[in-house]
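In: here is my input; please provide its structure:
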Amino acid sequence: MNASHATQGQAQPEAGNTVLPVIFNILDKWSCTQAQQVAILGLTSRSTLNKYRNHPESAKVSKDLLERMSYILNIHKCLRIMFTAEDSVYQWVQKPNSHPFFAGRSAMDIMNQGKVVDLYQIASRLNAWRGGKS
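Out: Numbers count the residues shown, from 1 in each chain. Predicted coordinates:
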């Protein structure tokens with residue numbers, strides 16, 4: 001049983017390595033700068049970002065990075081459900097928002113602070129706005 005549990009624990013980082021190119025595609029479509037991508041993914045440097053982009057299979061995918069990627073995918077899913085126009089799906093994160101939580105800031109302004117909780121809060125609000133169904 002312990003061996004099975006260890007195998008399951010090791011599978012998560014591998015799944016993360018597979019998802020990294022999808023995440024980079026979303027961040028590119030969101031028009032994120034390299035500095036924004038480093039902050040959103042919680043990476044330590046641009047060189048780490050470039051290494052992960054060029055060789056996602058060898059990236060060290062931590063639980064923190066997995067959580068961040070999950071929120072990015074959730075945000076993307078919500079936007080795809082809420083908007084039919086591709087431009088709206090990908091440009092929403094850069095546009096200022098008048099909702100009290102955003103206080104005139106864009107989702108990118110908030111995500112760029114680099115905290116996991118910010119990704120969580122944006123994903124949670126979008127999920128609620130879209131009706132909260134999976």
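In: do I have it right that residue 89 meets residue 83?
Out: Yes - using C-beta atoms under 8 Å, residue 89 is in contact with residue 83, at 4.9 Å. For the C-beta atoms, the positions are set from N, CA and C on the backbone; glycine is no exception.
In: more neighbours, these two?
Out: In terms of neighbours (other C-beta atoms under 10 Å), residue 89 is the more surrounded of residue 89 and residue 83; the figures are 19 against 15.
In: and the gap between that one and residue 37?
Out: Separation of residue 89 from residue 37 (C-beta to C-beta, to the nearest Å): 18 Å.
In: just residue 71 next, same as before
Out: For residue 71 relative to residue 37 (C-beta to C-beta), the value is 14 Å.
In: now swap in residue 27 and tell me
Out: In terms of C-beta to C-beta, residue 27 sits 5 Å off from residue 37.
In: residue 44 too?
Out: Noted for residue 44: a distance of 12 Å to residue 37, by C-beta to C-beta.
In: so which helix or strand takes in the spatially most central residue of the chain?
Out: By C-alpha atoms, centre = their mean, the chain has its centre lying nearest to residue 72, at 2.3 Å. Residue 72 is part of helix 63-82 when elements are defined by DSSP states H and E.
In: other SSEs contacting that helix?
Out: Judged by 3 or more C-beta pairs under 8 Å, 6 or more residues apart in numbering; DSSP states H and E, the packing partners of helix 63-82 are helix 2-29, helix 34-41, helix 86-91, helix 116-129.
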